[in-house]
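Enquirer: When you get a sec, could you give me coordinates for this:
(2 chains)
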Amino acid sequence: MTNSEIMRLPLHAIAHGRAGDKGNVSNISLIAYLPEAYDFIASEVSEKKVEALFAHLGAGAVKRYELPNLQAFNFVIQDVLDGGVNASRSLDRHGKTLSFILLSKMILDIPRNLVPENSPYLNPDFNWQ
Amino acid sequence: MMDKTVYIANGAGFSGDRFDAAVPLVARLASCSGPRYLMFEVLAERTIAIAQIAKEKDPASGYSPYLENYLRPILADAQKHQIKIISNMGAANPAAAARHVHKLAKEMGLAPFKIAILKGDDVTPYLDRQAIMEAKTMEGTSLAGRTLSAANAYLGGDAVAEVLKTGADIVLVGRTTDSALVLGPLIHEFGWSESELDKLAAGTICGHLLECGAQVTGAYFADPDFKDVPDLAEVGFPLAEVQSDGQFVITKAEGTGGCVTKATVTEQLLYEMHDPSCYLVPDVSADVSAMRLSEDGPDRIAVSGIKGHKRPDKLKVTVCIDGGYMAEAEMSYAGLNAFKRARLAGEVVLKRMRAKGHNGDIRMDILGAYSVLDGGKAERIEGKNLPFDSDYRVRLALVCGDRQTAQLLCDELGHLYCSGPAGGGGYRASVTEQMASASILLDRELIAPHIQAEVISHD
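Expert: Residues are numbered from 1 along each chain as shown, chains lettered A, B, ... in the order given. Take a look at the predicted model:
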């Protein structure tokens, strides 16, 4: 295997994040494990793709903010919390679990060298699907 | 004088956080030389409305029910080591909270504390209720015709600093921004002026990083095998060491679990933040778009490069109103064909609710197949390869205006113990009263004259 090998993996292989709520708006941070992964995420994880990922929850506009110093992005997703914490009928009224939509459901062709060396995703026996 | 370091630790990140988390922080603060503060952030938007309702029933209540839980373990050592305590445990009634602390100190055989409170966040005594309910909300929702239970302005670090000027050992407030519990002491200690925007912004972000307790020290972070956190069960709560120029280090008490890394700090930085170039609080608009993090030893992250811009002209006021009722009811189905049995149970209830004239928006989840990530939408899983032999739980949920309809939904699922698909069990249901909230923006001038500090004396 070489470092330039491309692997079909979820974003979870190269980034982590956390969801926060304000009213009916969720913000989800996306932080690259490795600084090298920042540009890849910048080109692959667009506002449009994120909006599509959350469309089934009624998501409105998505705004992406870039923080290159912190190898991080912040996605602000409108109207995605079933009215917000006081109105939602979801088990998770804050939408705290939603960061894992972004990490789990966005599957990309990822260069192997962007995955941290000790990641289970690099173990040939690891089955994430 | 200007070279001093101010130490601020946070012993609670929400109402219901660990009661003993502050103990190692107090030990650590005791070893620091310089001004030291211990904060407890325990006041969510809903919490203050619940407190306001409690106060209307009993004028001696309306503050954090956990006041003793948080303070008893650390009060004696805080006094011994001159650690000042700052908290929004005052909720809707800081004066009553202060009297409770006096009583607790006496009971514990401690010398009397000087306790001061902040007044003015509750706008209902001085603003016209009608005008509040007619104001345009930031969410676009109309408040007309609803029952107002609380309206509180988010006060800033400047107001908290005013309370500290009384020389208080303990400061109890109601609604301020959470970060003001940190910015206030920094303004007080360093004498930062209104125009020192970068410093005010740094103090605000320091507060933002501390305000959720262990969320910056490795809690709410662990993802086993991907993001491992040492000894999460004993996770240490955070402490900041702040310089007069606004640069600071985030760390935690020695001997505790958790970790402070660039990754933990970045996750918490962006938590509940929208535009990183304008994080608005009453004192400043903070800009973290050029912020830098650097390692400063084990479990120590140094933060710099925060910019501040002009503060907003208006203050945010959260208005809490009645929010109807939420019904939630669940039943388990397990083993072969469990998914279809669970789904049939839900469909039976939906059909009976419709037949009784309730066409409200009832949400159906089937836990184990789809729930929080799928928006409770059954069609999402059609074609998905669900295990035929598994363990599912149907869940129905409704938010509505009257208790009877909410109760009916619960009862209808309960009836399926005898009248539903095969093998249903483990029925649980609840109806809970809801509190709704909305935000309005008001001119500072309407609120500023009412902001004041008051010392609450003992006995």
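
Enquirer: dump the residue contacts of residue 119.
Expert: Picked chain A for this. By Cβ atoms under 8 Å, 6 or more residues apart in numbering or on different chains, residue A:119 lies in contact with A:13, A:33, B:226. Any C-beta I mention is one placed from the backbone N, CA and C, and that applies to glycine too.

Enquirer: Switch to chain B, please.
Expert: Residue B:119 is in contact with B:94, B:450-454, counting by Cβ under 8 Å, 6+ apart.

Enquirer: Quick one, grab the pLDDT at it.
Expert: pLDDT for residue B:119: 98.

Enquirer: gap between it and residue B:97?
Expert: Distance check for residue B:119 against residue B:97: by Cβ to Cβ, to the nearest Å, it reads 12 Å.

Enquirer: any weak-confidence spans in chain A?
Expert: Scanning chain A for pLDDT under 70 picks out A:1-3.

Enquirer: related to what we said a few turns ago, from the contacts of residue A:119, keep the buried residues only.
Expert: Buried members of the contacts of residue A:119, counted by 16 or more other Cβ atoms under 10 Å in any protein chain shown: A:13, A:33, B:226.

Enquirer: Return the distance of the second one relative to chain B.
Expert: Spelled out, that is residue A:33. 8 Å (Cβ to the nearest Cβ, to the nearest Å).

Enquirer: and the closest residue to that residue other than its chain neighbours, how many residues sit next to it?
Expert: Of all residues not flanking residue A:33 in the chain, residue A:116 sits nearest, at 4.8 Å (Cβ to Cβ, 6 or more residues apart in numbering or on different chains). For residue A:116, the count of nearby residues is 15 (other Cβ atoms under 10 Å in any protein chain shown).

Enquirer: for the chain, what's the longest strand?
Expert: I went with chain A, as the question did not name one. The residue-count maximum for a strand in chain A (DSSP state E) belongs to strand A:25-32.

Enquirer: that's the wrong chain, I wanted chain B
Expert: Secondary structure of chain B per DSSP E: the longest strand is strand B:314-336.

Enquirer: Starting from that strand, tell me which strands it pairs with and how they run.
Expert: Sheet pairing for strand B:314-336, assigned by DSSP bridges, gives strand B:148-153 (antiparallel), strand B:389-400 (antiparallel), strand B:425-443 (antiparallel).

Enquirer: pretty sure residue A:103 contacts residue A:19?
Expert: No. Residue A:103 lies out of contact with residue A:19 (Cβ atoms under 8 Å); the separation is 10.2 Å.

Enquirer: of these two, who's got more company?
Expert: Between residue A:103 and residue A:19, counted using other Cβ under 10 Å, the more crowded position is residue A:19 (25 against 20).

Enquirer: Over to stretch B:227-243 now: how far is its first residue from its last?
Expert: One end of stretch B:227-243 to the other measures 31 Å (Cα to Cα, to the nearest Å).

Enquirer: Could I get the buried residue list for it?
Expert: B:227, B:229, B:232, B:235-243.

Enquirer: Most tightly packed of the strands paired with strand B:314-336?
Expert: With neighbours defined as mean count of other Cβ atoms under 10 Å in any protein chain shown, the strands paired with strand B:314-336 peak in mean count at strand B:148-153, which reaches a mean of 25.

Enquirer: any idea which helix or strand comes after it?
Expert: Proceeding N to C from strand B:148-153, the next assigned helix or strand is helix B:157-164, under DSSP states H and E.

Enquirer: What does the pLDDT read for residue B:384?
Expert: For residue B:384, the model assigns a pLDDT of 67.

Enquirer: chain center to stretch A:100-114: distance?
Expert: Remark: stretch A:100-114 is offset 8 Å from the chain centroid, using Cα atoms, centre = their mean, to the nearest Å.

Enquirer: And that stretch, what's buried?
Expert: Quick answer for stretch A:100-114 (16+ other Cβ under 10 Å): A:100-103, A:106, A:108, A:110-112, A:114.

Enquirer: secondary structure class for the spatially most central residue of chain A?
Expert: The centroid of chain A falls nearest to residue A:102 when counting by Cα atoms, centre = their mean (3.3 Å). With DSSP: H, G, I helix; E, B strand; the rest coil as the basis, the three-state label of residue A:102 is helix.

Enquirer: ok, so what distance separates the nearest residue to it once chain neighbours are set aside from residue B:144?
Expert: Counting by Cβ to Cβ, 6+ apart, residue A:102 lies nearest to residue A:28, which is 5.4 Å off, once chain neighbours are set aside. Separation of residue A:28 from residue B:144 (Cβ to Cβ): 34 Å.

Enquirer: Poorly predicted segments of the stretch 351-459 of chain B, please.
Expert: B:377-384.

Enquirer: mind redoing it with 90?
Expert: Scanning the stretch 351-459 of chain B for pLDDT under 90 picks out the ranges B:359-360, B:369-371, B:373-386, B:435-437, B:458-459.

Enquirer: How about the residues of it by chain A?
Expert: Residues of the stretch 351-459 of chain B lying near chain A by Cβ under 8 Å from any Cβ of the partner chain: B:361-363, B:365, B:367, B:371-377, B:380, B:395, B:397-399, B:434-437, B:439.

Enquirer: now do 6 Å
Expert: Applying Cβ under 6 Å from any Cβ of the partner chain, we find that the stretch 351-459 of chain B lies next to chain A at B:363, B:371-373, B:375, B:397, B:399, B:436-437.
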